[in-house]
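Undergrad: Please work out how this folds:
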Amino acid sequence: MAQAQEDAFTVKTTKVFSDGSTFEIDVTLTCNTGLPLDQTFTIAGGDDEGVTFVVTDFESGSMSCEVTESGAPAGYTTEMNGGDGCAWDEIELGQSEECFIYNSADDATYTVMKHWEVFNDGGDVVIEEAGVIIKCDSMIDGYDWEEDGYWYLTGSLGDGETLVASVDVTGGSADCSATETILQSGVESTSVGCGGSTLGAGGSATCHFTNTVFFEGIPTLSQYGLAIMALLMLGVGYVGFRRFV
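TA: Next up, the predicted model:
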């Protein structure tokens, strides 16, 4: 016959993910005495019923117990009972407790990387910097402005530089994208991964912009090249003169 509940120690344990996820994890109650000493249940996020641990056969005031979890997905920070933890000492017969486990989604990161490719000394005629805008439908840490439910972070990037947005995904996943503004002629822009990415808890995505510069000015000739060019021009002039005389 099971021992009466009033002579037992009970702990109701529930779990919530900040973004509404329903992942299953294992929760374990470990005690220094009583029966059982260790017991483990599987619990799903958002299940209001949760699980209830029951410990019997202990002397009042002599037992200590603690709830821990294992198998939680990456990208979340765990908090138990508002930071107070789920551990009790000198437990009395018939004592009843609750353990509320809250998993807060860690910020996601969206990174824009910039690379410049300059050909034929084109670097002398352009400034190797371009304006970049990151746009997310969730708050960006240190954002520059917010409009119509989107947050924006801006920067000016040179070769090898990056712009990183730390995105709040506590309430669910975020969609982010990036654009750049090229104000200089002769600069061609290509991108990889910049059209849009969905970021979950602790997630990350990268956007690569490559700016290519082709210099189309008059090339610089050596003294021998200039001599050849002069001879060619004289030859063309001579032929033209003979033709129209």
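
Undergrad: Can you give the domain ranges for the protein?
TA: Domain assignment for the chain, taken from automatic domain parsing, gives 5-105, 108-214.

Undergrad: okay if I get the ones you listed as TSV plus mean pLDDT and mean neighbour count?
TA: All C-beta atoms are positioned from the backbone trio N, CA, C, and that covers glycine. What follows is the domains of the chain, written out as TSV (pLDDT from 0 to 100; neighbours: other C-beta atoms under 10 Å):
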stretch	mean pLDDT	mean neighbour count
domain 5-105	95	16
domain 108-214	91	17
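
Undergrad: For residue 24, name its beta-bridge partners.
TA: Bridge pairing for residue 24 (DSSP bridges) gives the partners residue 44.

Undergrad: Surely residue 172 touches residue 20?
TA: Yes. The pair residue 172 / residue 20 is scored as a contact, 6.6 Å apart, by C-beta atoms under 8 Å.

Undergrad: Do a quick rundown of the helices in this structure.
TA: 223-244 (DSSP state H).

Undergrad: Now residue 158: closest residue in space, sequence neighbours ignored.
TA: residue 129 (4.9 Å; C-beta to C-beta, 6 or more residues apart in numbering).

Undergrad: I'd like to know how far residue 149 sits from residue 136.
TA: From residue 149 across to residue 136, the span is 10 Å (C-beta to C-beta, to the nearest Å).

Undergrad: Measure how far stretch 95-107 is from the centre of its chain, please.
TA: 24 Å (C-alpha atoms, centre = their mean, to the nearest Å).

Undergrad: Kindly export stretch 92-99 (C-alpha atoms) in PDB.
TA: C-alpha atoms of stretch 92-99 as PDB (Å, rounded to 0.1, in the frame of the first residue of the first chain):
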ATOM      1  CA  GLU A  92       9.300  18.300   6.700                       C
ATOM      2  CA  LEU A  93       6.900  15.500   6.400                       C
ATOM      3  CA  GLY A  94       4.000  16.500   4.200                       C
ATOM      4  CA  GLN A  95       5.900  19.500   2.700                       C
ATOM      5  CA  SER A  96       4.800  20.400  -0.800                       C
ATOM      6  CA  GLU A  97       6.800  22.600  -3.300                       C
ATOM      7  CA  GLU A  98       6.800  23.800  -6.900                       C
ATOM      8  CA  CYS A  99       9.600  24.000  -9.300                       C
END
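
Undergrad: Between its first and last residues, what's the separation in stretch 116-130?
TA: With C-alpha to C-alpha, to the nearest Å as the measure, the ends of stretch 116-130 fall 10 Å from one another.

Undergrad: And stretch 27-43, by the same measure?
TA: End-to-end distance of stretch 27-43 (C-alpha to C-alpha): 7 Å.

Undergrad: CA atoms only for stretch 54-68, dumped as PDB, please.
TA: What follows is stretch 54-68, C-alpha atoms only, in PDB (Å, rounded to 0.1, in the frame of the first residue of the first chain):
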ATOM      1  CA  VAL A  54       6.900  12.100  -4.500                       C
ATOM      2  CA  VAL A  55       9.500  11.100  -1.900                       C
ATOM      3  CA  THR A  56       8.600   9.000   1.200                       C
ATOM      4  CA  ASP A  57      10.300   7.100   4.100                       C
ATOM      5  CA  PHE A  58      12.400  10.000   5.500                       C
ATOM      6  CA  GLU A  59      12.600  11.700   8.900                       C
ATOM      7  CA  SER A  60      11.100  15.100   9.200                       C
ATOM      8  CA  GLY A  61      13.800  17.800   9.000                       C
ATOM      9  CA  SER A  62      16.600  15.500   7.900                       C
ATOM     10  CA  MET A  63      16.300  15.500   4.100                       C
ATOM     11  CA  SER A  64      17.600  17.700   1.300                       C
ATOM     12  CA  CYS A  65      16.400  17.500  -2.300                       C
ATOM     13  CA  GLU A  66      17.200  19.300  -5.600                       C
ATOM     14  CA  VAL A  67      15.600  19.400  -9.100                       C
ATOM     15  CA  THR A  68      17.900  19.500 -12.100                       C
END
